[in-house]
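**Student:** A structural model of the following input is requested.
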Amino acid sequence: MVDVSLPRSRCHPPDVVVFPRCVDEVSALAKVCHNHHLPIIPFGTGTGLEGGVSAVKGGVCFSLRNMDQVLNLHQEDFDVTVEPGVTRKALNAYLRDTGLWFPVDPGADASLCGMAATSASGTNAVRYGTMKENVINLEVVLADGTIIHTAGKGRRPRKTSAGYNLTNLFVGSEGTLGIITKTTLRLYGIPEAMVSAVCSFPSIQAAVDSTVQILQAGVPIARIEFLDDVMINACNRFSSLSYPVTPTLFLEFHGSVQSVEEQVNTTEDITQSNGGSDFQWARDAETRSRLWKARHDAWYAALALRPGCKAYSTDVCVPLSRLPEIIVKTKEDLIENRLTGPIAGHVGDGNFHCLMVVDPNDPEEQHRVVLFTERLARRALAMDGTCTGEHGVGLGKRTLLYEELGPMTMQVMQSLKDTLDPNNLMNPGKILHPREP
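**Tutor:** Presented below is the predicted three-dimensional model:
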């Protein structure tokens with residue numbers, strides 16, 4: 001991926017990479033860095049999209065891949081604790097024979113602690129929530145090597161109102177407050193039945209209206225993904241599919257056989273009342289897997305539209321009622337500025353991505369992409385939305401974050417950073433702009 005919003009010269013490798021094997025080693029190494037004023041950059045799998053692991057001030061990269069144990073599975077309590085080297089696919093493979101699974105699915109096979117650090121979500125969030133709703137407790141090593149447990153050591157209640165919510169302070173902190181060395185996660189029972197479907201629509205408005213009405217009807221839909229005409233065409237070509245090249249919804253239903261049938265009937269009535277096509281079904285596991293692989297391969301499908309180019313993903317999120325308007329305006333902006341940016345989105349959350357395909361050897365096109373992404377983000381802010389729904393702030397969205405939250409809120413965030421990391425050693429330069437000397 002190329003970060004089109006930053007000069008490449010600002011993306012530096014670390015001076016040193018260390019590979020701790022346990023939390024005590026992480027703590028000892030953090031103390032060394034603290035004593036010598038060395039920046040610390042936590043690294044999980046490197047699947048983040050906002051430059052979060054770039055060592056902009058050099059320093060020491062803590063690669064946590066050797067800490068890869070699944071710990072303390074409590075099947076009867078629907079929770080598990082994992083180290084940062086455990087990915088979501090590895091956890092679900094471990095859980096395969098238990099009847100449980102962890103549903104948060106950002107597409108990439110990311111580190112679960114990294115997913116917590118970036119507050120990741122994905123296609124299942126409309127039903128199961130984001131990482132914020134699914135992290136129960138965190139073990140964190142602070143900049144000076146202190147080890148804390150955000151909900152108390154070993155504690156894993158389903159709910160709590162005890163003290164400040166430190167767990168969610170660190171969820172989404174992108175390595176700027178501490179190194180997450182364990183996360184305790186909520187698990188869910190694997191549904192008795194899963195059915196996927198594809199439905200084409202005459203317009204973006206019709207597809208989004210259907211989504212809103214499905215949610216208003218109380219259908220507990222598991223996934224509802226939007227692809228515009230450019231994106232579905234790219235997916236057809238890349239994944240050898242043959243769906244109509246019009247705005248499209250990919251849907252998935254979970255539950256008992258009877259409840260899934262009820263969900264499907266209600267959803268079909270709604271989509272057809274909005275001019276949607278008959279559902280094309282994916283009922284067996286193999287067909288469903290192929291369908292969702294095509295959705296998750298959207299990035300590569302977009303890249304295939306222009307071989308030799310690079311991609312950059314936007315990540316705005318708006319209230320559902322504003323989604324048709326922002327997508328229509330965004331498509332007009334893309335056409336007017338001669339940019340390739342197929343759209344795919346988690347429409348049930350109001351979150352969508354333009355997968356910007358850009359020639360890395362064309363500075364003028366890169367500049368047009370930078371201006372487009374800034375316009376898009378500010379368009380989302382003007383519609384009461386956010387500049388980032390799930391990818392995080394990293395390097396490229398710091399100014400936009402300031403515009404979104406305002407000076408007083410940013411001052412509180414800076415104060416928290418100063419308290420936990422007074423020497424600005426933890427992943428410096430991310431989320432917050434560097435302070436004036």
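**Student:** Packing partners of the longest helix seen in the chain?
**Tutor:** In the chain, taking DSSP state H as the definition, the longest helix is helix 363-382. If contacts are counted by 3 or more CB pairs under 8 Å, 6 or more residues apart in numbering; DSSP states H and E, helix 363-382 sits against helix 323-336, strand 351-358, helix 398-405. Using the backbone N, CA and C atoms, a C-beta is placed for each residue, glycine as well.
**Student:** which other residues reach it?
**Tutor:** Helix 363-382 is contacted by residues 4-5, 312, 314, 316-318, 326, 329-330, 333-334, 337-339, 341, 354, 356, 358-360, 386-387, 397, 400, 403-404 when judged by CB atoms under 8 Å, 6 or more residues apart in numbering.
**Student:** Could you turn the buried ones of those into a ChimeraX selection?
**Tutor:** Filtering the contacts of helix 363-382 down to the buried ones (16 or more other CB atoms under 10 Å) takes a single ChimeraX command:
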select :4,5,312,314,316,317,318,326,330,333,334,339,341,354,356,358,386,387,397,400,404
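**Student:** which one of the helices and strands packed on helix 363-382 lies closest to Ser289?
**Tutor:** Of all the helices and strands packed on helix 363-382, it is strand 351-358 that lies closest to Ser289, at 21.8 Å by CB to CB.
**Student:** angle of that closest one against helix 363-382?
**Tutor:** Interaxial angle, strand 351-358 versus helix 363-382 (axes from the mean of the first three to the mean of the last three CA atoms, to 10 degrees): 170 degrees.
**Student:** Centre of the chain to strand 351-358, how far?
**Tutor:** On the basis of CA atoms, centre = their mean, to the nearest Å, strand 351-358 sits 14 Å off its chain's mean C-alpha point.
**Student:** ok and it relative to helix 323-336, angle-wise?
**Tutor:** 10 degrees.
**Student:** can you pull the contacts of Met115?
**Tutor:** Met115 sits next to 88, 104, 106, 131 when contact means CB under 8 Å, 6+ apart.
**Student:** my read is the second one is in a helix, agree?
**Tutor:** No - going by DSSP: H, G, I helix; E, B strand; the rest coil, the assignment for Val104 is coil, not a helix.
**Student:** Could you tell me how many residues sit around Arg258?
**Tutor:** Wrong residue type there; residue 258 is Gln, not Arg. Using other CB atoms under 10 Å, Gln258 has 10 other residues around it.
**Student:** Ok, Tyr164 next?
**Tutor:** 8.
**Student:** which residues touch Arg21?
**Tutor:** 66-67.
**Student:** Look at it and report its pLDDT.
**Tutor:** pLDDT, Arg21: 98.
**Student:** And what about it, helix, strand or coil?
**Tutor:** Put simply, Arg21 is coil when judged by three-state DSSP.
**Student:** What's the separation between it and Asp68?
**Tutor:** According to CB to CB, to the nearest Å, Arg21 stands 10 Å off from Asp68.
**Student:** same thing with Glu139?
**Tutor:** In terms of CB to CB, Glu139 sits 15 Å off from Asp68.
**Student:** can you tell me which helix or strand Ala311 belongs to?
**Tutor:** Using DSSP states H and E, Ala311 sits in strand 310-313.
**Student:** could I get the longest helix of the chain in PDB with only the CA atoms?
**Tutor:** Taking Å, rounded to 0.1, in the frame of the first residue of the first chain, the C-alpha atoms of helix 363-382 are listed here in PDB:
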ATOM      1  CA  PRO A 363       2.600  12.900  -8.800                       C
ATOM      2  CA  GLU A 364      -0.200  14.900 -10.300                       C
ATOM      3  CA  GLU A 365      -2.700  12.000  -9.900                       C
ATOM      4  CA  GLN A 366      -1.400  11.400  -6.400                       C
ATOM      5  CA  HIS A 367      -2.100  15.000  -5.600                       C
ATOM      6  CA  ARG A 368      -5.600  14.700  -6.900                       C
ATOM      7  CA  VAL A 369      -6.200  11.700  -4.700                       C
ATOM      8  CA  VAL A 370      -4.900  13.500  -1.600                       C
ATOM      9  CA  LEU A 371      -7.300  16.400  -2.300                       C
ATOM     10  CA  PHE A 372     -10.200  13.900  -3.000                       C
ATOM     11  CA  THR A 373      -9.600  12.100   0.300                       C
ATOM     12  CA  GLU A 374      -9.600  15.300   2.300                       C
ATOM     13  CA  ARG A 375     -12.800  16.500   0.600                       C
ATOM     14  CA  LEU A 376     -14.400  13.100   1.300                       C
ATOM     15  CA  ALA A 377     -13.500  13.200   5.000                       C
ATOM     16  CA  ARG A 378     -14.700  16.700   5.400                       C
ATOM     17  CA  ARG A 379     -17.900  15.800   3.600                       C
ATOM     18  CA  ALA A 380     -18.400  13.100   6.200                       C
ATOM     19  CA  LEU A 381     -17.700  15.400   9.100                       C
ATOM     20  CA  ALA A 382     -20.300  17.900   7.700                       C
END
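**Student:** Which stretches in the stretch 151-300 of the chain count as strands?
**Tutor:** Taking DSSP state E, counting those that start in this stretch to define them, one finds strands in the stretch 151-300 of the chain at 179-186, 188-189, 193-200, 223-227, 248-255, 280-282.
**Student:** hang on, Cys387 packs against Glu404?
**Tutor:** Yes - the pair Cys387 / Glu404 is scored as a contact, 5.7 Å apart, by CB atoms under 8 Å.
**Student:** What is the neighbour count of the residue lying closest to Leu425 once chain neighbours are set aside?
**Tutor:** Nearest non-adjacent residue to Leu425, counting by CB to CB, 6 or more residues apart in numbering: Ala143, 4.9 Å away. The local packing of Ala143 (other CB under 10 Å) involves 24 other residues.
**Student:** try Gln263
**Tutor:** Gln263: 23 neighbours (other CB under 10 Å).
**Student:** OK, contacts around the closest residue to Gly175 other than its chain neighbours?
**Tutor:** Spatial nearest neighbour of Gly175, excluding adjacent residues (CB to CB, 6+ apart): Asn427 at 3.8 Å. Applying CB under 8 Å, 6+ apart to Asn427 gives the contacts 39-42, 52, 174-176.
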